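In: Next input, structure requested:
(chains A and B)
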Amino acid sequence: MASSSLKRREQPMSRDGDQLIITPLGAGNEVGRSCVYMSFRGKTILFDCGIHPAYSGMAALPYFDEIDPSTIDVLLITHFHLDHAASLPYFLEKTTFKGRVFMTHATKAIYKLLLTDYVKVSKVSVEDMLFDEQDINKSMDRIEVIDFHQTVEVNGIKFWCYTAGHVLGAAMFMVDIAGVRILYTGDYSREEDRHLKAAELPQFSPDICIIESTSGVQIHQARHIREKRFTDVIHSTVAQGGRVLIPAFALGRAQELLLILDEYWSNHPDLHNIPIYYASPLAKKCMAVYQTYILSMNDRIRNQFANSNPFVFKHISPLNSIDDFRDVGPSVVMATPGGLQSGLSRQLFDIWCSDKKNSCIIPGYMVEGTLAKTIINEPKEVTLMNGLTAPLNMQVHYISFSAHADYAQTSTFLKELMPPNIILVHGEANEMMRLKQKLFTEFPDGNTKIMTPKNCESVEMYFNSEKMAKTIGRLAEKTPDVGDTVSGILVKKGFTYQIMAPDDLHVFSQLSTATVTQRITIPFAGAFGVIKHRLEKIFESVEFSTDEETGLPALKVHERVTVKQESEKHISLQWSSDPISDMVSDSIVALVLNISREVPKIVVEEEDVVKSEEENGKKVEKVIYALLVSLFGDVKQGENGKLVISVDGNVAQLDKESGDVESEHEGLKERVRLAFQRIQSAVKPIPLSAS
Amino acid sequence: MGTSVQVTPLCGVYNENPLSYLVSIDGFNFLLDCGWNDLFDTSLLEPLSRVASSIDAVLLSHPDTLHLGALPYAMKQLGLSAPVYATEPVHRLGLLTMYDQYLSRKQVSDFDLFTLDDIDNAFQNVIRLTYSQNYHLSGKGEGIVIAPHVAGHMLGGSIWKITKDGEDVIYAVDYNHRKERHLNGTVLQSFVRPAVLITDAYHALYTSQTARQQRDKEFLDTISKHLEVGGNVLLPVDTAGRVLELLLILEQHWSQRAFSFPIYFLTYVSSSTIDYVKSFLEWMSDSISKSFETSRDNAFLLRHVTLLINKTDLDNAPPGPKVVLASMGSLEAGFARDIFVEWANNPRNLVLFTETGQFGTLARMLQSAPPPKFVKVTMSKRVPLAGEELIAYEEEQNRLKREEALRVSLVKEEEIKASHGPDDTSSEPMIIDTKTNHDVVGSHGPAYKDIFIDGFVPPSSSLAPMFPFYDNTSVWDDFGEVINPDDYVIKDEDMDRGAMLNGDDVDGRLDEAAASLMLDTRPSKVISNELIVTVSCSLVKMDYEGRSDGRSIKSMIAHVSPLKLVLVHAIAEATEHLRQHCLNNICPHVYAPQIEETVDVTSDLCAYKVQLSEKLMSNVIFKKLGDSEVAWVDSEVGKTESDMRSLLPMPSAASPHKPVLVGDLKIADFKQFLSSKGVQVEFAGGGALRCGEYVTLRKVGPTGQKGGASGPQQILIEGPLCEDYYKIRDYLYSQFYLL
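Out: As a prediction, the model looks like this:
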């Protein structure tokens, strides 16, 4: 059964179990390749699995080398953006990861379209490709879906998600491991827009909040002002006969802008003759997803849906390529890519940039180094794709529709939740530091820890969460007082514990107990009385009875094993399996076999009872000493018959008579005491009944 | 002590009446379902009316009349005001079902049990949950957690788990364990050992469920057989429940066989239904969501089915054989009834029932064996008034108007007298407004009255006769007219204007027909005539009910093996059959209460909570068994700082306990295990396993259901003293954990 060597290993383990480790493998002090590793009580979770858009090939991946993918139980993806989901096919297909992956329905549907598109358009060499379309298709089979608020339990890890308001299907995950709750926000926005709900405020306050810090300490302009600027620019431009170019990323904010435009057009019949186009095959494909997962959106959209699907645009038509575009008169075109690097948005820009009647609206955060970022500063001239320079006469407006929480939202969110630990990720290092400083001033009481780990830098925390058990059934009939003993089977399922009597096991759990009755027949031709006599010499209790049916004699040895004469030539042993009974029966078998082999030698050893007891005592001492030496090594005889045991410089003194142990070292004392107890019970005669 | 649980059926026990049960958990009253039948028999709701006001929460399980039909009436007339919980599809499709019921009734009778407004009001405050969402109740229900789980019978259909203090009460009616085209099977099996299971015995005696493929084949063959000889096929269906599965089967089959026969889906709300269903992919089967994720192919983008919302469209459809799915399934009202009467006398036509009709309805009558040759039906129609009737009616209305005007002016006078204090106006300005409105804008009066005529009784809570129009009487003070500054603030939320402009109907879209019916203010009356319909068309019934059959029900209950079981919703024989079965095989506490009989199913479970101290736990070594881990603990009770009981290690060696073998031995598995170890094994008679030459092993004692109340397993191993014996014993021990 329980060996003490095993136990020694257990002890440090349980302390390790209380340690919670969070390590960003990406998005630590940077924006991109979100991936946060977390482990607690032997359960391991990975949040997000993105790539860094600025790098290519393996360099774009999070630092997967830091972890052993095969140990991860659950991988949770918050939303479909490349920096949160794009290394998933690689992680699923090219590493040893064998856990389960979850994301929301909408995220899964768009994930496939987006990544397939990403594979097609990325211009890296075949060797640098992290995965191909086949990997994406294969990964689809392994991704499981989770609905908002649905609680899922995997290996005792409970988790559910809240709406995050960032893009369609974006989720914030709350994870509950043994009562410790961790909230991972992913990208979130607390502002409701045209189609998305604002990020929900979780019902429970988490113990740790891993939160994005993209916007740092910035404050966004109010939404209606932004929208008014946006529509005003467009209206005045087209009214003057100009053209409006909106370079935008295919998914996410683009849908919001289309909704604004479609609605504005509906309310302004004078604009009905001016066409709006969105030129992105990907967005067109994803429109079906937007038209379907209405339930993930806000009440406004759901109510509109009662009348007609708002994502079936009335005034906006798709545009496949520039060849299909007839550039006659004013128009509004939303085109990809958002950075104006190449493609349709750039082609149109080249055509329209020198006419001052035209406008270009940059609707969100732009990466450094792209043309879109350059023209925000309104240079006099720009370089066209064909290498020529042209004057930049068109008006350039930067109206941010970014759906990341700004400082005001972040601080109110955190103040509502009051998490004792805050971990900032997904933010540029300087912004993050500023945010950290400012948050410190918001939580001056010092109870809140704010951490900004770099990539691969671990944050360690300890949670001494209490383990609670429920005692149920027969065992709980009487509520015990202090000092009473409680003995029973402890059943652990996930992180819940129950204590119950063995007889109740099948009632309260799916486990069942069994009794094994053994019956063995032994050839024995001698007189039954001989056996009886010999048994009485060895065992304390031998009861004689007669079988009612057959009239044959039977013996009950040690209250456990029944020895019965079956016939002239056989006796049978019957007992119910347990270690002691098995041992008793073995000794009976040995005895019986020996009787038939040798002539019974009955020697009365009445004399020297005292002496033999003394001898016994000595023997016991010897055994105890030998066992202690084998367990602890350095055991010496000390004063007053005490044993001195020293292990690694720690000394314990054992009183052999009382079993008391004295030691400075608590752990050693406990171990010696336990070992001594066990040894003592082992050298004693077997007690009669188990009760 | 355990949580107190009482169950009181209000309707739907020992018969197939609609479902409605009261479950009280520590004094918090849940109404589980609030159903009505297609006959709208108010006597069924009497028990509900007695307790309606004391109900604290309503949980709905399926979007059909039997499960939620009485909700609008109960909210309006019986004083039910508790929050309602349902999944999004149950809410939405339930609403459409009620619209369809109302509109079907309204066409043919002076239906006045509830109005469209009542339906809207009833569904307005439904709290929508997703599957497996643990919703924590607050206030009176503090500590109670409710969660809907997949039931599999209808889209969004739920079995409810109510948890308090770790004890589960599960309400599972009309579940289906079989996966269907549009639905996943139920997850009922994942619940183990709840304190109470409330379930139906509806199908307990029903056993002849044919395999899905064969059933589908028969179904389609029957339909195509009739179509090919030029007959029409009518499928009386529900509004938004099981019909979805039928639509998918037909759609799929029509694509495969490239049939050109048209399929029509005809209810008052068919187009809205399908529009909504298209956005409910999250709630459907894995294969449907998978096909959408990979190819963006929405299964409910129906290519072969034409959605119709009024009968004229069907009449105008090109002649020739067609399939029509029309509501109601009971044939008591709706388009299905009209079509049945038209088609019944043609022997080439087919009326195909896909579920058992409700008791006492025309559909049930036609499903009897042998089917009746003639049926007597009362057909009613709403016709506009004409001639003398119209004149008489108008005179009556004028008289009423005059009386009303007189009454109002009297009231007005009184009020002017009474309302000198400014407080009066501010406290109840609305009522005064309404009345002023009548008085001042008297010329508009007749218009309102016309709306009244149609039988639209505005809810008592409504202030104006039809539209909530308030004529604000301005109040003046020393500085002039008192204004509300908010009225003059430029609205931030201008983006919402679009929604408003589009005719924002918060509670769902009404189809044109519905709208026209609602706005039809012409005076009309209902005329009825009885006719004898010769039933010469074929009548066929097939099982598309989407409920588990008797055998599966039994094995599922056995698997869940609740500590206490309450049976509802089935005819007496089925209830009694299942009760006996469960008593004998599953659990000793089976209840089948009568209407308004309260059974106390409080668990007699003793329990208390203790903290497991770190010291104790560091010495516990768990052994893994299935998905749980077990260990033996000997401990002493102590107290923590927070006065909580905690378990500490024993100060001295614990007295040895009786060893326990934990594990579940299956003889067949063990046989395989032994043969893999090279032992010769075979089954001897009487369930005994002969291992090797001499040793036999058998299970003795009662062999009940697995994990059932039968207690521990007893295994007997016997043999002569030999090496084999000890070897096999060791193998046997290896199947268990010794604690």
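
In: What helix or strand is whichever residue of the stretch 301-450 of chain A sits closest to chain B located in?
Out: In the stretch 301-450 of chain A, the residue that lies nearest chain B is residue A:306 (4.5 Å; C-beta to the nearest C-beta). In this view, the C-beta of every residue, glycine as well, is placed from N, C-alpha and C. Assessed by DSSP states H and E, residue A:306 sits inside helix A:299-307.

In: For residue B:696, give me its contacts.
Out: With contacts defined as C-beta atoms under 8 Å, 6 or more residues apart in numbering or on different chains, residue B:696 is in contact with B:684, B:688-690, B:717-719.

In: If we use 10 Å, what do you get?
Out: A:519, B:684, B:686, B:688-690, B:716-719, B:728 (C-beta atoms under 10 Å, 6 or more residues apart in numbering or on different chains).

In: Poorly predicted segments of chain A, please.
Out: For chain A, residues meeting the criterion pLDDT under 70 lie at A:1-17, A:123-126, A:367-368, A:465, A:596-612, A:687-691.

In: Do a quick rundown of the helices in the stretch 351-500 of chain A.
Out: A:371-376, A:407-417, A:429-442 (DSSP state H, counting those that start in this stretch).

In: again, but for the stretch 551-691 of chain A
Out: Taking DSSP H, counting those that start in this stretch, the helices of the stretch 551-691 of chain A run over residues A:579-597, A:609-632, A:666-683.

In: what would the ones you listed look like in CSV with mean neighbour count and distance to residue A:237?
Out: Formatted as CSV, the helices of the stretch 551-691 of chain A follow (neighbours: other C-beta atoms under 10 Å in any protein chain shown; distance: least, C-beta to C-beta, whole Å):
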stretch, mean neighbour count, distance to residue A:237
helix A:579-597, 16, 90
helix A:609-632, 13, 88
helix A:666-683, 17, 78
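
In: Residue B:700: which of those is closest?
Out: helix A:579-597 (17.8 Å; C-beta to C-beta).

In: CA atoms only for the closest one, dumped as PDB, please.
Out: Taking C-alpha atoms only, helix A:579-597 is exported to PDB below (Å, rounded to 0.1, in the frame of the first residue of the first chain):
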ATOM      1  CA  PRO A 579      -5.100  -8.600   2.900                       C
ATOM      2  CA  ILE A 580      -5.400  -9.900   6.500                       C
ATOM      3  CA  SER A 581      -7.800 -12.700   5.600                       C
ATOM      4  CA  ASP A 582      -5.600 -13.700   2.700                       C
ATOM      5  CA  MET A 583      -2.700 -13.900   5.000                       C
ATOM      6  CA  VAL A 584      -4.600 -15.900   7.600                       C
ATOM      7  CA  SER A 585      -5.800 -18.300   4.900                       C
ATOM      8  CA  ASP A 586      -2.300 -18.700   3.500                       C
ATOM      9  CA  SER A 587      -1.000 -19.700   6.900                       C
ATOM     10  CA  ILE A 588      -3.800 -22.100   7.300                       C
ATOM     11  CA  VAL A 589      -3.000 -23.600   4.000                       C
ATOM     12  CA  ALA A 590       0.600 -23.900   4.900                       C
ATOM     13  CA  LEU A 591      -0.300 -25.500   8.200                       C
ATOM     14  CA  VAL A 592      -2.700 -28.000   6.600                       C
ATOM     15  CA  LEU A 593      -0.100 -29.000   4.000                       C
ATOM     16  CA  ASN A 594       2.500 -29.500   6.700                       C
ATOM     17  CA  ILE A 595       0.200 -31.600   8.800                       C
ATOM     18  CA  SER A 596      -0.200 -34.100   6.000                       C
ATOM     19  CA  ARG A 597       3.500 -34.100   5.400                       C
END
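
In: What residues does the nearest residue to residue B:277 once chain neighbours are set aside make contact with?
Out: Nearest non-adjacent residue to residue B:277, counting by C-beta to C-beta, 6 or more residues apart in numbering or on different chains: residue B:300, 5.0 Å away. Shown in contact with residue B:300 (C-beta under 10 Å, 6+ apart): A:292, B:182, B:244, B:247-248, B:251, B:273-281, B:284, B:288.

In: Quick check: pLDDT value at residue B:300.
Out: pLDDT recorded at residue B:300 is 91.

In: re earlier: residue B:279 is in contact with the residue of the stretch 301-450 of chain A closest to chain B, correct?
Out: No. Contact criterion C-beta atoms under 10 Å: residue A:306 and residue B:279 do not qualify, at 11.1 Å.

In: which of those two has more neighbours?
Out: residue B:279 (23 against 20; other C-beta atoms under 10 Å in any protein chain shown).

In: which SS state does the nearest residue to residue A:312 once chain neighbours are set aside fall under?
Out: Nearest non-adjacent residue to residue A:312, counting by C-beta to C-beta, 6+ apart: residue A:291, 6.6 Å away. Assigned with DSSP: H, G, I helix; E, B strand; the rest coil, residue A:291 falls in the helix class.
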